[in-house]
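Participant: generate a structure from the sequence data that follows.
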Amino acid sequence: MKEENKYIPVAKLAIAMLLFYFSSLIILVPVLIFNIDLETCSNFTNNALRLFSNSFLALMLFLLFKNDIIKDFNSFKKNIREISDVVIKYWLLGFFLMIISNLIIGFFSPVSKATNEEAVRSIIYSTPVMAFFITCILAPFTEEIIFRKSIKDAISRKWFFILISGFVFGALHVIGEIESLYGLLYIIPYSSLGLAFATIYYETDNIFANILAHLIHNTLSFILIISVGGAIV
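Facilitator: Numbering: from 1, shown residues only. The predicted structure is shown next:
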């Protein structure tokens, strides 16, 4: 029985990664039902489909890790002050490293910002309300479950987990969107933040600490983009 149990976290990690890659296919359901042409549909429709697929992913991940998520939430409520101290400390460190690495890369690279960032900005400017829900509510939940919870359950060794979690987080935010080899450099700033998030999870062993850190980061980024761009939520 114990021999079987040790493979469960690995199986859940595989399922979580498959959900991450293929959840976008769920948009085919409304596309077929409402006969949506993806080539000509509006930004609003495109982002509504994105919201639908992200919500589906969040639901599937919740069902996959339901018991642990509920347990962590109850623990988070009881220890929010201590957890928040850890969150702020490591998030600030990760944020600082992310900014510094972005500045260095931007100075030497002809690519001024990651393509993933450009895609996020496009979503925010076109449909800010939906974008807020996707980037500031759903993304912190789904990404922390996938890149922290599922990986740590399968990899218990501290530094191995932190390095793998940070790098995978950085790579998957960049690789699918790169248009040149210079774009690969932006794995570094994303991984810096990923390493900080992984450290938070190892130190607190509570996924809601990570969701909080990710929510803070994405919300501040969202506010900055909205402010600079002049968009109104």
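Participant: just the helices in this protein please.
Facilitator: Under the criterion DSSP state H, helices of the chain are mapped to 2-5, 8-22, 28-33, 43-64, 66-78, 80-108, 115-126, 128-132, 139-144, 150-154, 158-174, 187-204, 207-229.
Participant: make CSV from those helices and add mean pLDDT and mean neighbour count to it.
Facilitator: To be clear about C-beta, it is placed using only N, CA and C from the backbone, and glycine gets the same treatment. Shown next, in CSV, are those (pLDDT from 0 to 100; neighbours: other CB atoms under 10 Å):
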stretch, mean pLDDT, mean neighbour count
helix 2-5, 58, 6
helix 8-22, 95, 15
helix 28-33, 94, 12
helix 43-64, 96, 17
helix 66-78, 98, 13
helix 80-108, 93, 16
helix 115-126, 76, 17
helix 128-132, 93, 18
helix 139-144, 97, 23
helix 150-154, 96, 22
helix 158-174, 94, 19
helix 187-204, 96, 24
helix 207-229, 91, 19
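Participant: any idea which residue sits dead centre in this structure?
Facilitator: Ranked by distance to the mean C-alpha position of the chain (CA atoms, centre = their mean), the top residue is residue 143 at 3.4 Å.
Participant: list the contacts of that residue.
Facilitator: Each residue near residue 143 by CB atoms under 8 Å, 6 or more residues apart in numbering is listed here: 169, 214.
Participant: could you measure from it over to residue 215?
Facilitator: 11 Å (CB to CB, to the nearest Å).
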